[in-house]
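Chemist: Predicted model follows, preceded by the sequence.
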Amino acid sequence: MTTFDLNGKSVAVEVKSTTTLLDLLRVQLGVTSVKKGCEQGECGACTVLLDGLPVTSCLILAPQVDGRHVTSVEGLAENPLMKELRNAFMENGAVQCGFCTPGMLLSSYALLRDNPHPSEEEVRAGIEGNICRCTGYVKIIEAIQDAAERIAPE
Amino acid sequence: MRPLTGFELLRPRTLVGALEIMATLEGAQPIAGGTDLIPTFRDLGCKHRNLVDLGLIPELNYVFEDGRYVNIGPTTTHAQLQATNLIREKAQALHDAVDVLGSVQIRNRGTIGGNLCNASPAADTAPPLLVLDAEVAVSSLDDSRWMSLQELFAGPKTTTLDPDELLTGIRFPKTEGSGSAFHRLCRRRGFTLSVVNAAAYVDREGETCRSVRIALGSVAPTPVRIDEAEGELEGKRMTEALIDEAAEACRERVSPIDDVRGTAEYRRDMSAVVVRRALREAWRRAGGEL
């Protein structure tokens, strides 16, 4: 039995060693905001927070999260920083197809939580592990900078 | 859903427990962050293995200094090293590398021991550790020894570790009045493998270079030290012209191959460029001027 905290709630599941955290979340637990892209740890669409840090859930075996905290965007629905990020993404046109958005939001959230006033360079580095094939990143970077200003004005 | 295949997962809680598994179980394969290993399990028909997860073993995760050495546990993640002042101050080249290696997500998961044991010729932590004169501890159930990092690498993706052995420690001597730096050349800035990477360490005495170490990655079957280039600099007054000579010596000594990231010819030429950058920066960090 693997027991872990998912978005603030304790979850206990029987899961095979060969199941990734990504498949556990999507298939067994129905958390489909966590997207399946490359399954190689390259695209970042499956990003979740593991004990608060962004990781690619396709590179984690489900039993490895035993006793730990896993957070997807749902777990931050009421979080003030995530709310600002969500609004900024919508208002700045940072979402097109939306496939990268949950991962992008989680990486942006971790970035601004740890560094409330990032430079553009730091914003780019913060989302280096998240690929977006629609926007060319410009709107996403603007949205993150916008959220940073709203949440922590200089 | 394309399931992973070909392994069982074991999660020992002590180093002795892990070493017992390594000694007794056929096909035992250590796994730390899994960032290099797990993608390989999507190849159907890969050999069945017993994965030995080192992630629950506290004895393998640490960074501390003692009288002589900076000591790093093999399951220390790149992000942990990035956030450690001791590494920033005493191992600048290594800090440069863990700052740019992989992506945020990979650095949060990938470990320094994994980066070394994966034995990629392009491993970004290898040239810094080579120039810092790092040693690695290799342990089995009935033996433990220190050897130079260079001895760990046998070839592309191959180490000299026996099937029952684990890399259990990394250490390098602390020095004063020295500087080190890591530079790499990539096809883009973020989340990519090095086309060529290099690290340099210099020990400065006034305007003279007392000792120097230079290492390159992605230009030979393993990460390599270039002794001949080091000889060009040692005991001499450091100048731009001398750095150019050492960089040229590196260009002549490397043995790169063509691959998707670059041609052998390009890698050879860029070896000199990346070494020059690393040497200049290491010298400047040691307090030297050019």
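Modeler: Okay, I see it.

Chemist: From here on, just use CA atoms for contacts and neighbour counts.
Modeler: Noted.

Chemist: so how far is B:R204 from B:S144?
Modeler: Using Cα to Cα, to the nearest Å, one gets 35 Å for the distance from B:S144 to B:R204.

Chemist: Looking at the two, which is more packed in?
Modeler: Ranked by neighbour count (other Cα atoms under 10 Å in any protein chain shown), B:S144 and B:R204 place B:R204 first, with 25 against 13.

Chemist: Let's verify whichever residue of the stretch 1-150 of chain B sits closest to chain A: helix, strand, or coil?
Modeler: Of the stretch 1-150 of chain B, the residue with the smallest distance to chain A, taken as Cα to the nearest Cα, is B:Q105 at 4.3 Å. Classification of B:Q105 by DSSP: H, G, I helix; E, B strand; the rest coil places it in helix.

Chemist: Could you report the neighbour count for it?
Modeler: Other residues lying near B:Q105 total 29 when counted by other Cα under 10 Å.

Chemist: And for A:T20?
Modeler: Neighbours of A:T20 using other Cα under 10 Å come to 23.

Chemist: same deal with B:T160?
Modeler: Using other Cα under 10 Å as the criterion, B:T160 is surrounded by 12 other residues.

Chemist: That one and B:A154 touch, don't they?
Modeler: Yes - B:T160 is in contact with B:A154 according to Cα atoms under 8 Å; the separation is 5.5 Å.

Chemist: what's the helix or strand for B:I243?
Modeler: Under DSSP states H and E, the secondary-structure element containing B:I243 is helix B:240-253.

Chemist: Please state the offset of whichever helix or strand comes after that helix from the chain centre?
Modeler: Once the chain leaves helix B:240-253, the next helix or strand it forms, by DSSP H and E, is helix B:264-285. Taking Cα atoms, centre = their mean, to the nearest Å, the mean C-alpha location of helix B:264-285 is offset from the chain mean by 17 Å.

Chemist: can you check stretch B:238-248 too?
Modeler: Average the C-alpha atoms of stretch B:238-248, do the same for its chain, and the two points are 25 Å apart (Cα atoms, centre = their mean).

Chemist: cool, stretch B:223-242 as well?
Modeler: 21 Å.

Chemist: Could you verify that B:E8 is part of a strand?
Modeler: Yes - the assignment for B:E8, made by three-state DSSP, places it in a strand.

Chemist: Surely it and B:R49 touch.
Modeler: Yes - here B:E8 lies in contact with B:R49, judged by Cα under 8 Å, at a distance of 6.6 Å.

Chemist: Compare those two (neighbour count), which wins?
Modeler: When B:E8 and B:R49 are compared on other Cα under 10 Å, the one with more neighbours turns out to be B:R49, at 18 against 14.

Chemist: if we can go back for a sec, how big is the angle separating the helix holding B:I243 from helix B:264-285?
Modeler: Between the direction of helix B:240-253 and that of helix B:264-285, the angle (axes from the mean of the first three to the mean of the last three Cα atoms, to 10 degrees) works out to 150 degrees.

Chemist: so where do the strands sit in chain A?
Modeler: Counting by DSSP state E, chain A has strands at residues A:2-6, A:9-13, A:47-50, A:53-56, A:69-71.

Chemist: which other helices and strands contact the fourth one?
Modeler: Applying 3 or more Cα pairs under 8 Å, 6 or more residues apart in numbering or on different chains; DSSP states H and E, one finds that strand A:53-56 makes contact with strand A:47-50, helix A:101-114, helix B:104-109.

Chemist: Likewise for the shortest one?
Modeler: Contacting strand A:69-71 under the criterion 3+ Cα pairs under 8 Å, 6+ apart are the following elements: strand A:2-6, strand A:47-50.

Chemist: switch to 10 Å and redo it
Modeler: Packed against strand A:69-71, as judged by 3 or more Cα pairs under 10 Å, 6 or more residues apart in numbering or on different chains; DSSP states H and E, are the following elements: strand A:2-6, strand A:9-13, strand A:47-50, strand A:53-56.

Chemist: I'm done for today, thanks for sticking with me.
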